[in-house]
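[1] Sequence first, then the predicted structure, then my questions.
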Amino acid sequence: MERRLPAGLEHVRTTDVFDNTTVPAGLLRAHRVADGVWGRLVVHTGTVTFVFEDAPDHPISVGAGGTVAIPPARQHHLELDQPATFAVEFHSISTATIPATATILATATIPATATILATATAATSGAIEPSELATAPEAGPRQFRQHRFVPPPGACELLVVRHGESEPMMEGEPLPLKDGHGDPALAVEGLEQAERIADRLVASGERIAAIYVTTLQRTHQTAAPIAARLGLECCVEPDLREVFLGDWEGGELRKRVVDGDPVAVAMFQQGRWDVVPGAETEAALRARVRAGIERIAAAHADQLVMVVVHGGVIGTIFNLAAGSTGFAFTGADNGSISHLVVTGDRWIVRCYNDTTHLRDRFSTIDEPPPATGIRPAGITF
């Protein structure tokens with residue numbers, strides 16, 4: 001039997017068709033339609049049980065093709081005991097006069113002037129989680145979902161990539177320098193990581209508008225595979241080059257850390273690179289990194305950009321974003337991808353050190369040591 005709406009209503013909208021897996025949880029709890037709005041349940045397939053809260057002993061079984069009119073004052077909920085698909089229509093009261101004693105489905109009289117609640121009350125079913133609510137019609141109750149982050153207009157999204165693993169420093173043989181900075185090429189492992197970065201970003205369909213690298217060759221080599229696949233030429237941003245390590249350039253830092261040099265210990269304790277003799281000051285590093293990121297962001301409003309940089313620079317970028325200092329963000333893995341959104345007034349961290357394209361697990365605590373070289377604990381270089 002069809003349960004009819006009163007005459008004179010105007011159709012506002014119809015929800016998406018829901019099934020047992022997509023039904024908003026709010027519909028399964030006690031709730032009411034908004035003031036001045038009538039609803040109608042329309043079942044497409046299967047059977048849906050409709051229950052008025054003031055008549056729980058008289059559930060209504062609605063089969064395929066059936067409908068139920070829902071007045072704007074009466075709490076109700078749905079029950080799905082078997083597979084079904086259905087939608088809900090919303091109809092607003094225009095010039096039609098709804099009788100104060102309109103009988104719905106041979107149930108109790110519904111007052112024409114009842115208090116309307118947009119969601120379930122604590123007395124009946126408790127609060128409804130925002131993530132469980134569907135968007136309601138403009139004329140109906142406002143419901144608020146938890147959505148994925150969307151960058152604000154004018155923002156620049158940065159995929160901050162750490163270069164692949166570079167060649168090891170052999171004791172007694174410093175790494176080559178460029179403008180005073182250690183400039184090793186990628187190791188075989190680093191070249192493989194570069195290919196995996198490209199695989200990941202191509203497979204996920206990232207719409208990368210530009211690729212930035214630094215003055216040091218390991219960033220160019222890391223960016224080469226993805227640049228070739230996307231047909232992009234890399235741009236150089238000198239201010240994103242690695243922190244200058246003074247007397248410990250050319251790979252000396254790696255050796256000092258492994259050997260437990262007291263200055264290296266102090267460097268970690270203080271969370272400052274400029275503890276190293278002759279190293280770049282913290283203030284200078286932060287200033288140039290900020291300038292480099294802001295230049296890129298200004299040139300790429302509403303675009304996604306990939307920047308291939310260094311571990312110390314990534315630590316500084318995310319310190320700037322978080323308003324922090326120290327080495328909390330130092331140690332991003334070689335080949336990792338982090339995600340930053342830069343707006344006119346803030347930097348928003350979306351993720352840090354994503355390595356799912358390199359390995360399946362988060363923890364490395366039980367990984368075997370490398371076949372060659374010495375692996376220090378707590379940081380990567």
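    In hand now; what should we look at?
[2] can you tell me how far Pro153 sits from Gly344?
    Look at Pro153 and Gly344: by CB to CB, to the nearest Å, they are 10 Å apart. All C-beta atoms are positioned from the backbone trio N, CA, C, and that covers glycine.
[3] more neighbours, these two?
    Between Pro153 and Gly344, counting by other CB atoms under 10 Å, Gly344 is the more crowded of the two (11 against 8).
[4] Is that one located within a strand, as I assumed?
    No: with DSSP: H, G, I helix; E, B strand; the rest coil as the criterion, Gly344 is assigned coil and is not in a strand.
[5] ok, it - contacts?
    Residues in contact with Gly344 (CB atoms under 8 Å, 6 or more residues apart in numbering) are Gly154.
[6] Could you do Gln193 as well?
    The contact partners of Gln193, taken as CB under 8 Å, 6+ apart, are Gly164, Glu165, Thr222, Asn334, Gly335, Leu358.
[7] Could you rerun that using 7 Å?
    Under the criterion of CB atoms under 7 Å, 6 or more residues apart in numbering, the contact list for Gln193 reads Gly164, Glu165, Asn334, Gly335, Leu358.
[8] Checking my notes, it in a helix, right?
    Yes: the assignment for Gln193, made by three-state DSSP, places it in a helix.
[9] Can you tell me how far it is from Glu10?
    Relative to Glu10, Gln193 is positioned 60 Å away (criterion: CB to CB).
[10] ranges for the strands of the stretch 51-200 of the chain?
    When secondary structure is read from DSSP state E, counting those that start in this stretch, the stretch 51-200 of the chain shows strands at 60-62, 67-70, 76-79, 84-93, 156-162, 177-178, 181-182.
[11] Generate TSV for the ones you listed, with distance to Ile211, mean pLDDT and mean neighbour count as supplementary columns.
    Supplementary listing: the strands of the stretch 51-200 of the chain in TSV, determined by distance: least, CB to CB, whole Å; pLDDT from 0 to 100; neighbours: other CB atoms under 10 Å:
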stretch	distance to Ile211	mean pLDDT	mean neighbour count
strand 60-62	56	93	17
strand 67-70	55	92	21
strand 76-79	51	94	19
strand 84-93	46	90	21
strand 156-162	9	98	25
strand 177-178	20	97	12
strand 181-182	21	97	22
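[12] Can you pull out the low-pLDDT segments for the stretch 101-250 of the chain?
    Per-residue confidence for the stretch 101-250 of the chain (pLDDT under 70) gives these ranges: 101-140.
[13] the helices in it, which residues?
    Secondary structure of the stretch 101-250 of the chain (DSSP state H, counting those that start in this stretch): helices located at 188-203, 217-230.
[14] Identify each buried residue in the last one, please.
    The neighbour-count criterion (16 or more other CB atoms under 10 Å) identifies Gln217, Arg218, Thr219, His220, Gln221, Thr222, Ala223, Ala224, Pro225, Ile226, Ala227, Leu230 as the buried residues of helix 217-230.
[15] packing partners for that helix?
    Where contact means 3 or more CB pairs under 7 Å, 6 or more residues apart in numbering; DSSP states H and E, helix 217-230 is packed against helix 188-203, strand 208-213, strand 234-236, strand 304-309.
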